[in-house]
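**Student:** got a sequence here, can you model it:
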Amino acid sequence: VRDDLAFRYLRGEGIEIGAFHMPQRLPPGARARYVDYATEDVLRTLDPMHPWVHPVDVVDEAERLAKFDDATLDFLIANHVLEHTEDPVTALHTFLRVLRPGGILFLTLPDPRGTFDQERERTTVEHVMRDHREGPGTSRRAHYEEWAIHIEGANDERVIAELVERYAAEGTRNHFHVWEPRTFLELLLALELPFDIEAMQVTHPEFSVILRKSPTPD
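**Tutor:** As a prediction, the model looks like this:
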């Protein structure tokens, strides 16, 4: 289903952020450069189960994309990326900034109802807006504690504290945020950003959202 959406909506020149070992299939004629926060040599060390990593064309942070000018891309793909960003509001602003008017933002996120995030609280609009306003450090420790408890299965305060300190020292990029399709749609509508929602498709255990950047007002 994700491929069907890609073949329907992606045209021209774009980028894919965080492809890792599973780059998105593209329709004929569409071309992408691949962006990640580290080189493939570094990324390869993160998951021994996947020794092959798609070559990285541009090393850049998803939330900033400092190496890309405004309104220069026809599409941007971010599959299983936004939940790893500490400030998804800034990330969405950035994704839209680099798209041309009419450009496509192609997002896929894990659906916690069918993943290891199932027992975690869903991220609210208020939580996201507070992190954006006050800085992601406001919630970072709580996110790490939640990961230690619900994902690592820690139930001892000392162990939880040790895991949190390790995550902080390593700069762990786990799932900071957890959305179901409904709660993610609530966030998109609350932000009032310049896009139209073209499609939302749920395919267990993930969901894809296609946003089209609004035309520039005359």
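**Student:** tell me the contacts of the residue nearest to residue 9 when sequence neighbours are not counted?
**Tutor:** In this structure, residue 9 finds its nearest non-sequential neighbour in residue 104, 5.0 Å apart by C-beta to C-beta, 6 or more residues apart in numbering. (Each C-beta comes from the backbone N, C-alpha and C, glycine too.) Residue 104 makes contacts with 9-11, 14, 74-76, 198, 210-213, as judged by C-beta atoms under 8 Å, 6 or more residues apart in numbering.
**Student:** name the member of those residues with the most neighbours.
**Tutor:** Greatest neighbour count in the contacts of residue 104, by other C-beta atoms under 10 Å, goes to residue 76: 29 neighbours.
**Student:** SS state for that residue?
**Tutor:** Three-state call for residue 76 (DSSP: H, G, I helix; E, B strand; the rest coil): strand.
**Student:** circling back: distance-wise, check the residue nearest to residue 9 relative to residue 36.
**Tutor:** As judged by C-beta to C-beta, to the nearest Å, residue 104 and residue 36 stand 20 Å apart.
**Student:** what does the helix or strand that contains residue 148 contact?
**Tutor:** Element membership of residue 148 [criterion: DSSP states H and E] is helix 137-150. Helix 137-150 is contacted from outside by 86, 117, 119-121, 127, 130-131, 154-155, 159-160, 163-164, 167-168, 172, 174-176, using C-beta under 8 Å, 6+ apart.
**Student:** and the longest strand along the chain, which residues are buried?
**Tutor:** The residue-count maximum for a strand in the chain (DSSP state E) belongs to strand 99-110. Buried positions in strand 99-110, judged by neighbour count with 16 or more other C-beta atoms under 10 Å: 99-100, 103-110.
**Student:** tell me the two of those residues that are most distant?
**Tutor:** Longest distance between any two of the buried residues of strand 99-110 is 28.6 Å, between 100 and 110; criterion C-beta to C-beta.
**Student:** quick one, strands of the chain?
**Tutor:** For the chain, the strands defined by DSSP E cover 13-17, 31-36, 58-59, 73-79, 99-110, 195-203, 206-213.
**Student:** the shortest one: how far from the chain's middle?
**Tutor:** Put plainly, it is strand 58-59. Mean C-alpha position of strand 58-59 versus that of the full chain (C-alpha atoms, centre = their mean, to the nearest Å) differs by 16 Å.
**Student:** in its sheet, what does it sit against?
**Tutor:** strand 31-36 (parallel) (DSSP bridges).
**Student:** hmm, who's touching the strand it pairs with?
**Tutor:** So strand 31-36 is contacted by 12-20, 23-24, 26, 43, 54-60, 62, 65, 75, 77 (C-beta under 8 Å, 6+ apart).
**Student:** what mean pLDDT does that strand have?
**Tutor:** Mean pLDDT, strand 31-36: 98.
**Student:** now stretch 53-63
**Tutor:** Rounded mean pLDDT across stretch 53-63 is 96.
**Student:** CA atoms only: put that stretch into CSV for me.
**Tutor:** Provided in CSV are the C-alpha atoms of stretch 53-63 (Å, rounded to 0.1, in the frame of the first residue of the first chain):
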residue,chain,number,x,y,z
VAL,A,53,22.5,0.4,4.6
HIS,A,54,21.4,2.6,1.7
PRO,A,55,24.2,5.0,0.7
VAL,A,56,23.7,8.5,2.3
ASP,A,57,24.0,11.4,-0.1
VAL,A,58,23.6,14.2,2.4
VAL,A,59,24.4,14.1,6.1
ASP,A,60,21.9,16.5,7.8
GLU,A,61,19.5,16.7,10.7
ALA,A,62,15.9,16.0,9.8
GLU,A,63,14.5,18.8,12.0
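**Student:** many thanks, we can stop here.
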